[in-house]
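Chemist: just need the structure, nothing else, for what follows:
(chains A and B)
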Amino acid sequence: MGNNEYVVQMQGITKVYPNGVAANQGVDFHVKRGEIHALMGENGAGKSTLMKMLFGLEQPTEGEIIVNGEVVSLTSPTVAISKGIGMVHQHFMLVPSLTVAENMVLGMEPKKGVFIDYKKAVQITEEYAKKYNLHVDPNAKIIDIPVGMKQKVEILKALVRGAKILILDEPTAVLTTQETAELFKELVSLKEQGYTIIFISHKLKEIKQITDRLTIMRGGKSMGVYETAGITEQDISRLMVGRDVILTVEKEKAQPTDVVLKVRDLEYTDSWNRKMLDKLSFSVRKGEILGIAGVEGNGQRELVEMLFHLNTPDAGSVTVNGKNILGMPQRKIRELGVSLIPEDRMVYGIAASGTIEENMISDRFDKKKFNKGMLFNMNAIHKESNELIADYKVLCKSYKQEIGMLSGGNIQKVVVAREFSSDPKLIIADQPTRGIDVGATEFIRKKLVELSREGAAVLLVSADLNEVMELSDSLVVFYNGNIAAYFEDTSVLNDEIMGEYMLGLKRQSDEEIRRVCHE
Amino acid sequence: MFEQIITMVFQTDFAFSIFRITAPILFAALAAVVAEKAGVVNIGLEGIMLICGLFGTLFSFWTQSWFIGVLGAIVVGILLALMIGFFALKLHTDIILAGIAVNTMSAGGTIFLLYLFTGERGNTASLTSSNILIPTIKIPGLHQIPILGDIFSGHAVLTYVAFLLVFLIWVLLYKTSIGLQIRAVGENAHAAESVGVSVIKIQYIALAISGILCGMGGAFMSMYYSQSWNTGLVAGRGFIALAAQAMGRGEPVGTMFSSLLFGFAQALRTKVSGVQGVSSNLISAMPYLVTIIGLVLYAASTMKKVKKIKNKDK
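Modeler: Just a heads-up that it's a prediction; the model follows:
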């Protein structure tokens, strides 16, 4: 049934994980021979899942994969490689202390008797490097070479194993501008030699620059396939960013007063030498919810880390009610009335093997109320736990239950109960409803609004467009570690405007952005 | 007193004893090197050596051949190392616990096995005769040279094998494809797996090699060094070997030098313990003090290295 024009045909692919999450739903993905095909979509849109299935790392629940006209069952990367599919992962699969040549031949070493023929390995590396114009130093150790060269080694590794179809997972995320330009030249040259390239990205400019066609995914579904030349950046952004159902949250108009959180000129360059926070300045006022929207990886995570001293910025200042909190121990930050709903609740939110009660009092066990001499006042602690369980509607057997056994939504309710009940002046809510059920989501959103109306300042970071647009009173869009836009009133916004700012097509003037400092 | 010690140290029999004492540590340390390179920590070295020592003696007694005794010890060593592998790699227990289990089991189990097989209790002194001990060789030519001959000739066959193995293990790790795969698996198992290298298979192979080396080390102890087997035979050499491996940066040649350092400290203890005016307790503690100092130096240099790598990343 294969059509010779297509090298890869993925038909009606559905992937449902054991926990019930449907990452792909009936996706069709067709790649023509010798093209550079972009697979686009926001984080969580299902691109990675789709590609993992094509590389044999995961198997589809439904649907079939046809490679070169033949229906294949890709049960492992080894099988995928034998069908001519190679993948360059975002996190390099290289052994740091080995040389480039050794990494190239690992698992298929050329031999001379019982020994490795290292000369041959170097020769193979040089031969491929020359043939594909991917310059690497065969004798250098991986640990000593720059990121751009590591990526070339990865591409060469796939080629030497006979790959004709290359999957590149966000290859430019770790590269500098010059390295990116070089990579594009190399990819075009590979295409001219008949190779097919699948390019995962959400950067519009890059896509426009080098791809022939593109497939857009959103929410686990394909939004269609387009000729790159025939689609505008605005259309792409509209297809990529958007909401299927518009959620509405009832809330009174905010009456913001004094500035609580003041972030000024925050800068941070990460270990990949990327500027993750670039002179970032904004303020959050008492009584308002300030939302941060943006494609993930534009500095949101780094910002939250800085605010809770999980990392240290290179420059800039952060104050809460006038007190500098940079470098302060988390306990002291909490004493200033700062609460955090962390993005990764299993790591930063709870201790999974502890009980519900232990997790609920983990920020307040040293309060006088909970202690009797050297020992805990267990009655007071039980009373507090039972009250919080009732107030926050945590579904559990009792406060003695191990928290790790609860559902995601109920775990998050425990976190929220602890963070919201400590009389917070500032709440940092980082993806507060990610991966939890509808009931818990609604409950947490309502509580957030309630607390802000009672006078807390709320900073809401969310990749969920619905959430950030409907919950926030005002909103900033992050792009490249900086604010691309500030909207004082979120009710005037629509998906299209958001998409253009989120994907970097537009940026407000500095004066407009500066308004978020409230000075 | 110091004069006395110094004269002792500069005698050829002292230098000779350093190599004799180093050999069993070196066997076990090389076993640790290979396992560690594949990313598995074999802390069962001590127990494996003790059990192998017993079986070396038993096999040589049964067959009246030292060579078959050593082979038997090697086979038992492989089986024990693979057993640790089975528990850790296949059944996913903690490999440290699996190693501790082997060490604990060896202490009681050997006495039981000895009694079961021979009816002897606690040691094999009555089973061993000189014809089934590992023979020594006088190296023709070298043997006639004064001083050098006294130091380097006349060692047991396995002493030479131990030092030869330093080179062979280096060749294995750095010049063969199995060695490349062992290093890749130990450093980045995902990378190895992504190109079709079976991580578990490579780790089994590395453990088996460490079993062979422990087998030789155990046989050396019971069939040459102590001339018979007893429960205190290995006396912590398996753990000193782990320290030697760490101090030698996990490299065969470096590990040889750190093993020699421990050998030197032990030889000195043996020598000096008879000298008047020297605290025998202090001297007994020397090899262990050297271990601690060595580990501190090693930790300090590793931290420096880590810092360097971090700075490079920035």
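Chemist: what segments of the stretch 51-200 of chain B are helices?
Modeler: With DSSP state H, counting those that start in this stretch, the ranges of helices along the stretch 51-200 of chain B come out as B:66-85, B:95-118, B:148-152, B:157-175, B:177-187, B:189-194, B:199-220.
Chemist: among those, which comes closest to residue A:213?
Modeler: Set against residue A:213 and scored by Cβ to Cβ, the helices of the stretch 51-200 of chain B come closest in helix B:189-194, at 27.8 Å. From N, CA and C alone the C-beta is placed, and that goes for glycine too.
Chemist: dump the closest one to CSV, restricted to CA.
Modeler: Presented in CSV, the C-alpha positions along helix B:189-194 are these (Å, rounded to 0.1, in the frame of the first residue of the first chain):
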residue,chain,number,x,y,z
ALA,B,189,24.7,3.5,29.8
HIS,B,190,22.0,5.3,27.8
ALA,B,191,24.5,6.2,25.1
ALA,B,192,25.7,2.6,24.9
GLU,B,193,22.2,1.3,24.8
SER,B,194,21.2,3.7,22.1
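Chemist: sorry, back to before: out of the helices of the stretch 51-200 of chain B, which comes closest to residue A:279?
Modeler: Residue A:279 lies closest, by Cβ to Cβ, to one member of these: helix B:189-194, at 36.9 Å.
Chemist: the closest one and chain A in contact?
Modeler: Yes: against chain A, helix B:189-194 shows contacts by Cβ under 8 Å from any Cβ of the partner chain at B:190, B:191, B:192, B:193, B:194.
Chemist: give me the pLDDT value at the nearest residue to the first one once chain neighbours are set aside.
Modeler: The shortest distance from residue B:190 to any non-neighbouring residue, by Cβ to Cβ, 6 or more residues apart in numbering or on different chains, is to residue A:93 (5.9 Å). pLDDT, the model's per-residue confidence, is 91 for residue A:93.
Chemist: which residues sit in contact with residue A:93?
Modeler: A:154, B:188, B:190, B:191, B:194, B:195 (Cβ atoms under 8 Å, 6 or more residues apart in numbering or on different chains).
Chemist: which one among these gets closest to residue A:73?
Modeler: Nearest to residue A:73 among those, with distances taken as Cβ to Cβ, is residue B:194, at 19.3 Å.
Chemist: separation between the closest residue to the closest one other than its chain neighbours and residue A:402?
Modeler: Nearest residue to residue B:194 in three dimensions, chain neighbours excluded: residue A:93, at 4.3 Å (Cβ to Cβ, 6+ apart). Distance, residue A:93 to residue A:402, using Cβ to Cβ, to the nearest Å: 36 Å.
Chemist: kindly report the same for residue A:35.
Modeler: Counting by Cβ to Cβ, the gap from residue A:35 to residue A:402 is 52 Å.
Chemist: these two - which one has more neighbours?
Modeler: Neighbour count, other Cβ atoms under 10 Å in any protein chain shown: between residue A:35 and residue A:402, residue A:35 has more, with 19 against 15.
Chemist: show the pLDDT at the closest residue to that one other than its chain neighbours.
Modeler: Leaving aside its sequence neighbours, residue A:35 sits nearest to residue A:212 (Cβ to Cβ, 6+ apart; 4.2 Å). pLDDT recorded at residue A:212 is 95.
Chemist: how many neighbouring residues does whichever residue of the stretch 251-400 of chain A sits closest to chain B have?
Modeler: Distances between the stretch 251-400 of chain A and chain B by Cβ to the nearest Cβ are smallest at residue A:271, namely 4.7 Å. Residue A:271: 9 surrounding residues under other Cβ under 10 Å.
Chemist: now stretch A:423-440: mean pLDDT?
Modeler: Stretch A:423-440 comes out at a mean pLDDT of 88.
Chemist: now do stretch B:250-266
Modeler: On average, stretch B:250-266 scores 92.
Chemist: is it in proximity to chain A?
Modeler: No: applying Cβ under 8 Å from any Cβ, one finds stretch B:250-266 out of contact with chain A, separated by at least 10.9 Å.
Chemist: then that stretch to PDB, C-alphas only?
Modeler: Extracted C-alpha coordinates of stretch B:250-266, given in PDB (Å, rounded to 0.1, in the frame of the first residue of the first chain):
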ATOM      1  CA  GLY B 250      40.300   3.300  38.600                       C
ATOM      2  CA  GLU B 251      43.200   2.900  36.200                       C
ATOM      3  CA  PRO B 252      45.200  -0.300  36.100                       C
ATOM      4  CA  VAL B 253      48.600   1.300  36.400                       C
ATOM      5  CA  GLY B 254      47.600   3.800  39.100                       C
ATOM      6  CA  THR B 255      45.900   1.000  41.000                       C
ATOM      7  CA  MET B 256      49.100  -1.000  40.800                       C
ATOM      8  CA  PHE B 257      51.100   1.800  42.500                       C
ATOM      9  CA  SER B 258      48.500   2.300  45.200                       C
ATOM     10  CA  SER B 259      48.400  -1.400  45.800                       C
ATOM     11  CA  LEU B 260      52.200  -1.300  46.200                       C
ATOM     12  CA  LEU B 261      51.800   1.500  48.700                       C
ATOM     13  CA  PHE B 262      49.500  -0.700  50.800                       C
ATOM     14  CA  GLY B 263      51.800  -3.600  50.300                       C
ATOM     15  CA  PHE B 264      54.700  -1.500  51.600                       C
ATOM     16  CA  ALA B 265      52.800  -0.400  54.700                       C
ATOM     17  CA  GLN B 266      51.900  -4.000  55.500                       C
END
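Chemist: give me the contact list for that stretch.
Modeler: Counting by Cβ under 8 Å, 6+ apart, residues outside stretch B:250-266 touching it are B:18-19, B:21-23, B:25-26, B:29-30, B:32-33, B:36-37, B:163, B:166-167, B:169-170, B:173, B:240-241, B:243-245, B:247-249, B:286-287, B:289-291, B:294.
Chemist: list the buried residues of that stretch.
Modeler: Within stretch B:250-266, the residues that count as buried by 16 or more other Cβ atoms under 10 Å in any protein chain shown are B:250-252, B:254-256, B:258-266.
Chemist: residues in contact with the residue nearest to the spatial centre of chain A?
Modeler: The centre of chain A sits closest to residue A:296, judged by Cα atoms, centre = their mean, with a distance of 4.6 Å. Shown in contact with residue A:296 (Cβ under 8 Å, 6+ apart): A:42, A:43, A:463.
Chemist: now do residue A:301
Modeler: So residue A:301 contacts A:343, A:430 (Cβ under 8 Å, 6+ apart).
Chemist: cool, and the one 10 residues further on?
Modeler: Remark: with contacts taken as Cβ under 8 Å, 6+ apart, residue A:311 is in contact with A:268, A:302, A:305.
Chemist: quick one: which of the residues you listed sit in helices?
Modeler: A:302, A:305 (DSSP state H).
Chemist: can I get the contacts of residue A:311 in TSV with distance to chain B and pLDDT?
Modeler: Listed next are those as TSV, based on distance: Cβ to the nearest Cβ, whole Å; pLDDT from 0 to 100:
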residue	distance to chain B	pLDDT
A:268	12	95
A:302	15	93
A:305	17	94
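Chemist: give me the buried subset of the contacts of residue A:311.
Modeler: The buried subset of those (16+ other Cβ under 10 Å) comprises A:268, A:302, A:305.
Chemist: for chain B, name the helix or strand with the lowest mean pLDDT.
Modeler: helix B:280-313 (a mean of 71; mean pLDDT, DSSP states H and E).
Chemist: shaky segments in the stretch 151-300 of chain B?
Modeler: Applying pLDDT under 70 to the stretch 151-300 of chain B flags no residue at all.
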